[in-house]
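>>> any chance you can model this:
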Amino acid sequence: MGPEHSVTTDTAGKLDLLIMLGDAGLAFPEQLLGAVREAVAMDLITLGLSLAGVERVIVSTNRASFMERLSSLPVLVIPDEPGEDFHFGRHLRHVLQAAGITRNQRVLYMGGGAAPLITQSQFQTLVDTLRDNPQALVTNNLYSSDLVGFTAGWLEEVEPPARDNDLAWKLAEMGKHEVLQPPRSAGTSFDIDTITDVLILKLCRERLHPHTRAVMDGAPVDASHITRVLGVLKDPHKTLLLVGRISADVWHTLRRRAACQVHVISEERGMRASGRLSRGEVRSLVGYYADTQGFAGLFSYLAQIADAVILDSRVLFAHLGHWPSDADRCYADLGQPEHIEDNVIRELIAAALAAPIPIAMGGHSLLSGGLLALLESMGL
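This next block holds a predicted model:
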């Protein structure tokens with residue numbers, strides 16, 4: 001028996017939980033987003049340490065406050081290399097090697113803001129599914145993954161993705177592995193990617209794990225416009241319009257559970273993973289209307305056809321050719337145009353705030369896991 005065969009025998013069936021958490025920017029909403037993600041990661045680690053079948057919990061981070069909190073826990077911490085431009089896929093390879101994870105070993109990767117509403121039972125089912133199906137790729141979203149279960153060696157067979165949201169898509173492109181997705185729910189689908197997700201979390205207090213709840217109780221954010229959208233969801237005489245990267249599953253869920261009428265303009269799903277965003281090929285029907293009628297004209301017309309709008313602003317940003325900085329994006333989600341430096345984005349957000357109906361704007365999560373979280377928070 002050669003050395004390679006010995007390694008395979010020793011590591012077969014082992015599963016490590018890997019969590020990555022980066023540092024946050026300096027602007028207030030970026031700091032808040034960082035604090036919430038850190039709290040979510042602490043809750044994931046606490047849950048992960050209690051799960052059957054998890055060999056080790058490994059954390060990769062460059063966040064000093066997080067490393068200090070982890071010092072008393074049975075967690076393997078791998079600090080990020082200082083001074084290097086971050087590339088997710090290459091860094092993931094480095095972490096797997098640094099942690100001594102061998103090619104045939106199973107790994108459950110989760111971003112630091114992933115699954116803030118996951119239950120212990122849902123988490124255990126993910127781990128069991130990954131262990132019981134050694135040839136399967138397990139993910140919550142093939143097009144924009146926040147958690148991915150895979151065999152470590154598969155990463156050597158693909159071009160490493162620049163962002164974790166593309167990891168599942170890259171691995172699935174190999175065409176070698178069955179893709180398994182857990183039943184769609186807020187627990188497995190919702191993650192904290194933007195400030196809008198933090199606002200949604202504010203409305204789900206009773207479901208929060210302890211570290212996240214402690215941070216959210218002190219978070220100075222206003223979610224009243226989202227609360228107004230929820231009022232439309234419960235009214236059979238009202239109409240809700242969804243615009244952006246909306247899956248058939250989410251539309252089907254709304255048709256079954258929301259009391260209101262639901263209109264959908266679904267566009268540009270997979271714009272990141274397919275490369276259309278990086279190639280400047282994103283095109284939006286709503287964006288075209290804004291091009292011809294201006295932002296005030298766009299929201300005036302939307303108010304004629306709906307009583308509330310949930311809008312995927314990232315598709316609109318891409319169509320407009322104005323992808324904002326992290327700080328501008330956070331201020332846009334908070335509805336604070338006075339702090340936004342990009343003139344076009346500032347004008348867009350000011351027009352949305354002036355609309356006669358509530359306009360909730362955010363990223364992909366707002367129209368997927370975030371929407372499920374809102375429905376579940378209302379008992380719908």
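>>> how far does the helix or strand His319 falls within sit from its chain's centre?
Taking DSSP states H and E as the criterion, His319 maps to helix 313-320. The chain centre lies 17 Å from the centre of helix 313-320; the measure is Cα atoms, centre = their mean, to the nearest Å.
>>> any idea of the angle whatever helix or strand comes next after it forms with helix 313-320?
Heading C-terminal from helix 313-320, the first helix or strand you meet, by DSSP H and E, is helix 326-334. Between helix 326-334 and helix 313-320, the angle formed by their directions is 120 degrees, by axes from the mean of the first three to the mean of the last three Cα atoms, to 10 degrees.
>>> show me what the helix holding His319 is packed against.
The contact analysis (3 or more Cβ pairs under 8 Å, 6 or more residues apart in numbering; DSSP states H and E) places helix 313-320 against strand 239-244, helix 285-305, helix 343-354. Heads up, the C-betas are built off the backbone N, CA and C, glycines and all.
>>> can we see that at 7 Å?
Counting contacts by 3 or more Cβ pairs under 7 Å, 6 or more residues apart in numbering; DSSP states H and E, helix 313-320 is packed against helix 285-305.
>>> and the angle from the helix it packs on to helix 343-354?
20 degrees.
>>> so what secondary structure elements neighbour helix 285-305?
Counting by 3+ Cβ pairs under 7 Å, 6+ apart, helix 285-305 packs on strand 239-244, helix 313-320, helix 343-354.
>>> what residues sit buried inside stretch 327-336?
327-336 (16 or more other Cβ atoms under 10 Å).
>>> quick check, nearest of those residues to Phe66?
Top of the list for closeness to Phe66, among these and by Cβ to Cβ, is Cys330 at 19.7 Å.
>>> helix, strand, or coil at the residue lying closest to that closest one once chain neighbours are set aside?
Counting by Cβ to Cβ, 6 or more residues apart in numbering, Pro29 is the residue found nearest to Cys330 once chain neighbours are left out, at 3.4 Å. Following DSSP: H, G, I helix; E, B strand; the rest coil, Pro29 is assigned to helix.
>>> so where is the stretch 101-250 of the chain shaky, pLDDT-wise?
Low-confidence segments of the stretch 101-250 of the chain (pLDDT under 70): none present.
>>> can you give me the strands in it?
106-111, 136-139, 147-151, 178-180, 239-244 (DSSP state E, counting those that start in this stretch).
>>> make TSV out of those strands and add distance to Val77 and mean neighbour count.
Shown next, in TSV, are the strands of the stretch 101-250 of the chain (distance: least, Cβ to Cβ, whole Å; neighbours: other Cβ atoms under 10 Å):
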stretch	distance to Val77	mean neighbour count
strand 106-111	15	26
strand 136-139	25	23
strand 147-151	20	24
strand 178-180	30	13
strand 239-244	37	23
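>>> possible to save those strands as a markdown table with distance to Tyr301?
Output for these, formatted as a markdown table (distance: least, Cβ to Cβ, whole Å):
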| stretch | distance to Tyr301 |
| --- | --- |
| strand 106-111 | 37 |
| strand 136-139 | 37 |
| strand 147-151 | 38 |
| strand 178-180 | 39 |
| strand 239-244 | 11 |
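>>> Glu156 - how many residues pack around it?
Glu156: 10 surrounding residues under other Cβ atoms under 10 Å.
>>> mind pulling up the phi and psi values for Pro358?
Torsion angles at Pro358 (phi, psi; degrees, to the nearest 10) stand at phi -70, psi 130.
>>> distance of it relative to Gln105?
48 Å (Cβ to Cβ, to the nearest Å).
>>> would you agree Val229 is in contact with Ala360?
Yes. Using Cβ atoms under 7 Å, Val229 is in contact with Ala360, at 5.0 Å.
>>> in which helix or strand does Leu44 reside?
Going by DSSP H and E, Leu44 is in helix 28-49.
>>> who are the contact partners of the residue nearest to Gln135 when sequence neighbours are not counted?
Nearest residue to Gln135, sequence neighbours excluded (Cβ to Cβ, 6+ apart): His177, at 5.9 Å. Contacts for His177 (Cβ atoms under 7 Å, 6 or more residues apart in numbering) come out as 135-137.
>>> so how far is Ala136 from His177?
In terms of Cβ to Cβ, His177 sits 6 Å off from Ala136.
>>> could you do Lys14 as well?
From Lys14 to Ala136 the distance is 16 Å (Cβ to Cβ).
>>> shared neighbours of Val229 and Ala360, which are they?
Ile310.
>>> what is the burial count for Gln304?
That count, for Gln304 with other Cβ under 10 Å as the rule, works out to 8.
>>> contacts only, for it.
So Gln304 contacts nothing (Cβ under 7 Å, 6+ apart).
>>> and Ala41, what does it touch?
19, 21, 66, 112.
>>> any idea of the mean pLDDT for stretch 53-60?
Averaged over stretch 53-60, pLDDT sits at 96.
>>> from the chain's centre, how far out does it sit?
For stretch 53-60, the separation from the chain centroid amounts to 21 Å (computed by Cα atoms, centre = their mean).
>>> alright, that wraps it up for me.
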